[in-house]
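>>> mind looking at a prediction? Sequence and model below.
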Amino acid sequence: MDGSVSTLAPVFAAAFATRNTHTAFAVGLAASIGAGISMGFAEALSDDGSLTGRGHPWVRGLVCGLMTALGGIGHTLPFLIPSFKLATAVAVVVVMVELGIISWIRHRYMESPLLSATLQVVLGGVLVFVAGVIIGSS
């Protein structure tokens with residue numbers, strides 16, 4: 001959740017600050033790739049797998065980094081649409097789907113109660129999204 005959701009703020013701040021879909025796309029792409037690299041290294045260097053039993057650190061780092069980047073790119077791709085209003089509307093729908101998927105993953109694989117996982121993910125996502133919109137609109 002961390003890297004994918006954190007990319008919401010920069011992409012929507014750029015979108016609302018410039019109302020230019022190309023700029024929003026460029027910022028979103030940079031934030032997504034940067035978050036993927038950062039999360040990948042953080043996961044790979046967090047432990048050697050012996051403490052948590054979560055497997056080889058470089059495999060974990062690669063998977064975590066790729067999924068983080070893909071999550072950010074998911075809500076960045078709509079900004080390839082030239083119309084600002086349409087791109088933003090599609091991006092918001094994509095964000096809602098992403099938050100739903102993240103909630104389900106937390107429920108299914110991390111054994112979090114579905115309601116709890118959904119509230120946590122949606123609250124975090126909405127706060128990051130609103131921060132980006134407020135910053136971009138100021």
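Yep, it's here. Numbers count the residues shown, from 1 in each chain.
>>> so the residue lying farthest from the centre of the chain: helix, strand or coil?
Ranked by distance from the centre of the chain (C-alpha atoms, centre = their mean), the top residue is residue 50, with 28.4 Å. For residue 50, the assignment made with DSSP: H, G, I helix; E, B strand; the rest coil gives coil.
>>> what does the one 4 residues further on give?
Each residue gets one of three states, and residue 54 gets coil by three-state DSSP.
>>> for it, what are phi and psi?
Residue 54 adopts backbone torsions of phi -90, psi 10, taken as degrees, to the nearest 10.
>>> against residue 110, how distant is the residue lying closest to it once chain neighbours are set aside?
Distances taken as C-beta to C-beta, 6 or more residues apart in numbering put residue 60 closest to residue 54, at 5.9 Å, once the chain neighbours are dropped. Heads up, the C-betas are built off the backbone N, CA and C, glycines and all. Distance of residue 60 to residue 110, given as C-beta to C-beta, to the nearest Å: 15 Å.
>>> which elements pack onto the helix or strand of the chain with the lowest mean pLDDT?
Least confident helix or strand of the chain, by mean pLDDT, DSSP states H and E, is helix 2-6 with a mean of 79. Here helix 2-6 touches helix 21-46, helix 57-74, helix 84-110, helix 114-137, going by 3 or more C-beta pairs under 8 Å, 6 or more residues apart in numbering; DSSP states H and E.
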